[in-house]
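here you go, sequence then predicted model.
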Amino acid sequence: MQTYKIPVFKPWVSEWMARSVIFAILMTSLFSFAFYGSPVAAMGFYGIQPADVQYGMVVIYGSTVAFLALDSRIVKYFEPRKYLLIALGINALSSTLCFHFKDWTLFVICQFLQGITCALMSGIVLQLIFPRLDSVRARVIAYSLLYGSIQIAVPFYTIYTSVVIHFSDFNWLFYGHNNLLIILTSVVLLTMNSKARFTKKIPLYQVDWIGYLFYVSFILILGYILVYGRPFGWFGSPSILILSLGNLVILSLFIIRELKLKRPLINLQIFKAENFAIGLLLLFTFYLFKGSTGLAYGYLEVILGNDPLSTIPIWSAIITGTVLGMFVTSRFILIGYNLIRIIIVGFAIMAVYYAYMILFVSIQGETNDFILPLFIYGVATGVLFVPIVSFTISSVPPKIAINASLIGIFARFTGFTANLALNNELQLFAKSAVREKIRETLTEINPQLPVTLLDIQNQYMKSGSDAYTSKSMSTGYFNQMVGHQILARATRDYYDLMLIGVISVIIILLLLPRIQKVVLKLRKTNIPY
């Protein structure tokens, strides 16, 4: 019997068990993002700056994006079980090294390798799911389950990270990762056939390895520029300027190479497809707005004083909202509802989230006050993701649809990284503007200032402190109050700008009548990323 006709799972494995194994592979592939569930813990463990943590995320995400372009060829060469075991082995080795050696450079290198294994495992999951789905209904449901799992992975693993760090230290995340890998390896060995293949064995000839090197270099350098641009002073820094010019050269060489090759890494002819560029812009914009919750978590931690365990209800609300949004949206897609209208509704829900945050962010509040807005945020992400991806893929010819997925995930990566840069820039701008306004008010000639300081000092004296200690502590407490006011006001200003941006996107979509006619085309041969 030909190997590509042998079922991937053994005969005794039921359909539900097979689906559970597939889901376990997908969630395990995303485990590495758990290392960023608590940036403060990562900074404290490695002794690094916030920008370093952000670049660590960029490395694993960028490595995944780049390798997916290669994976579509490599997965047709290896047997799925062998290919998967290689990924699990590399993952386990990386986590073991990080567990025993507390070195940030080694961690980033391992993150690059784990990004490759994330792409590899995700590619196997997609090959297991989509080629055997015959009906559009099944494919829409599979899209929703796949992207829903990806969307809830970050809050799910953040909850896990919060619990682990609360009871132990950061290093035990690697220990937990290895335990999970051992369990999954045992399950794969037990349930999957060693000789089964997805297709006939296709030799690895004319694989664009050089193109991959160009592509991954461009992605990692772009991420470095966007993350470290602000700390280094953007183009005032010679290193940022040289990297920017070098990256333009790499991009030019990559484009020239891809246009000339018969079997390019990514077929750039995809950009000729009508509405494809609009789909990419929507993906980019979605991730730009999606990443704005980082400021909300910072507000909850700094001003409301939440510890990691206290934010579990917040993360749970996001997961619930995302699942609900995905479920409802899939139903509307199945009945043939217009994709752009669903997208407009999704952005409108996102606007409600921003408006709520603008109204309720202050120096006083309770965690429970923010469960509803973060639930609304989850609903918005659940409503938007599948329709935007479906719109993008439906706008391209079937022969090059795989390239739409590859470019689409690059657009998502770019949106995510640009959001990091935009957040850093806007927060700095907003905080500087608010700090300047407060400085104009809080001067020594302000009659209210000494009264306030004296009142705080008296409160400390009533609690048993002596005059000298009370005076010193009152100054520190007052400075903390001012810092909280600056953060709260800057957060509201930031969300003002985000709200204006979302409303602008809605207006633009309403004024583009030609995109309203895109018809959903989720073909069996489409493997989304």
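Okay, I see it. Residues are numbered from 1 along each chain as shown.

pull the helix or strand with minimum mean pLDDT from this structure.
helix 448-462 (a mean of 59; mean pLDDT, DSSP states H and E).

in this protein, which residue is most central in space?
Compute the mean C-alpha point of the chain, and by Cα atoms, centre = their mean the closest residue is Phe416, 6.3 Å away.

which stretches of the stretch 301-450 of the chain have low pLDDT?
Across the stretch 301-450 of the chain, the ranges flagged by pLDDT under 70 are 302-306, 362-365, 398, 426-450.

quick one, helices of it?
312-334, 339-360, 371-394, 401-441, 448-462 (DSSP state H, counting those that start in this stretch).

quick one, which of those helices is packed in tightest?
Scoring the helices of the stretch 301-450 of the chain by mean neighbour count under mean count of other Cβ atoms under 10 Å gives helix 371-394 as the most buried, with a mean of 25. (Glycine included, C-beta is placed from N, CA and C.)

could you give the angle of that helix to helix 339-360?
Orientation check (axes from the mean of the first three to the mean of the last three Cα atoms, to 10 degrees): helix 371-394 against helix 339-360 gives 160 degrees.

just the angle for helix 371-394 relative to helix 312-334, thanks.
Going by the same axes, to 10 degrees, helix 371-394 makes 40 degrees with helix 312-334.

just give me how far helix 371-394 sits from the chain centre.
13 Å (Cα atoms, centre = their mean, to the nearest Å).

return that helix as PDB; C-alpha atoms alone will do.
Extracted as PDB, the C-alpha positions of helix 371-394 are listed here (Å, rounded to 0.1, in the frame of the first residue of the first chain):
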ATOM      1  CA  ILE A 371     -14.000  42.500  33.300                       C
ATOM      2  CA  LEU A 372     -16.800  43.700  31.000                       C
ATOM      3  CA  PRO A 373     -14.600  45.900  28.700                       C
ATOM      4  CA  LEU A 374     -12.000  43.100  28.300                       C
ATOM      5  CA  PHE A 375     -14.900  40.700  27.500                       C
ATOM      6  CA  ILE A 376     -16.000  43.200  24.800                       C
ATOM      7  CA  TYR A 377     -12.400  43.200  23.500                       C
ATOM      8  CA  GLY A 378     -12.500  39.400  23.300                       C
ATOM      9  CA  VAL A 379     -15.700  39.500  21.400                       C
ATOM     10  CA  ALA A 380     -14.300  42.000  19.000                       C
ATOM     11  CA  THR A 381     -11.200  39.900  18.300                       C
ATOM     12  CA  GLY A 382     -13.400  36.800  17.900                       C
ATOM     13  CA  VAL A 383     -15.700  38.600  15.400                       C
ATOM     14  CA  LEU A 384     -12.900  40.100  13.300                       C
ATOM     15  CA  PHE A 385     -10.300  37.400  12.800                       C
ATOM     16  CA  VAL A 386     -12.000  34.800  10.700                       C
ATOM     17  CA  PRO A 387     -13.900  37.200   8.400                       C
ATOM     18  CA  ILE A 388     -10.700  39.200   7.700                       C
ATOM     19  CA  VAL A 389      -8.700  36.100   6.900                       C
ATOM     20  CA  SER A 390     -11.600  34.700   4.800                       C
ATOM     21  CA  PHE A 391     -11.900  38.000   2.900                       C
ATOM     22  CA  THR A 392      -8.200  38.000   2.200                       C
ATOM     23  CA  ILE A 393      -8.100  34.400   1.000                       C
ATOM     24  CA  SER A 394     -11.300  34.600  -1.000                       C
END
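
could you say what helices and strands it packs with?
In this structure, helix 371-394 packs against helix 136-167, helix 276-290, helix 293-302, helix 312-334, helix 339-360, helix 401-441, with contacts taken as 3 or more Cβ pairs under 8 Å, 6 or more residues apart in numbering; DSSP states H and E.

repeat the analysis, applying 7 Å as the threshold.
Judged by 3 or more Cβ pairs under 7 Å, 6 or more residues apart in numbering; DSSP states H and E, the packing partners of helix 371-394 are helix 136-167, helix 276-290, helix 312-334, helix 339-360, helix 401-441.

report the angle between the third one and helix 136-167.
In other words, helix 312-334. 170 degrees.

and for the second one?
Helix 276-290 and helix 136-167 are oriented at 30 degrees to each other (the same axes, to 10 degrees).

elements contacting helix 276-290?
Short answer (3+ Cβ pairs under 7 Å, 6+ apart): helix 276-290 packs on helix 371-394, helix 401-441, helix 467-510.

what about it, distance to the chain center?
Distance of helix 276-290 from the chain centroid (Cα atoms, centre = their mean) equals 14 Å.

now swap in the first one and tell me
Centroid separation between helix 136-167 and its chain, computed with Cα atoms, centre = their mean, is 11 Å.

relative to Ala51, how far out is the residue lying closest to Val53 once chain neighbours are set aside?
Using Cβ to Cβ, 6 or more residues apart in numbering and skipping residues adjacent in sequence, the residue nearest Val53 is Pro39, 4.6 Å away. The gap separating Pro39 from Ala51 is 11 Å, by Cβ to Cβ, to the nearest Å.

next, count neighbours for Pro264.
Residues lying near Pro264 (other Cβ atoms under 10 Å) number 18.

give the burial count for the closest residue to it other than its chain neighbours, as a bare number.
Leaving out its chain neighbours, the residue that sits closest to Pro264 by Cβ to Cβ, 6+ apart is Glu258, at 4.1 Å. By other Cβ under 10 Å, 18 other residues sit near Glu258.

ok, now the one 3 residues further on?
Under the neighbour criterion other Cβ under 10 Å, Leu261 is assigned a count of 14.

ok, residues contacting stretch 112-131?
Applying Cβ atoms under 7 Å, 6 or more residues apart in numbering, the contact partners of stretch 112-131 are 8, 22, 25-26, 28-30, 32, 59-64, 67-68, 71-72, 75, 80, 83-84, 87, 90-91, 94, 139, 142, 146, 198, 524, 526-527.
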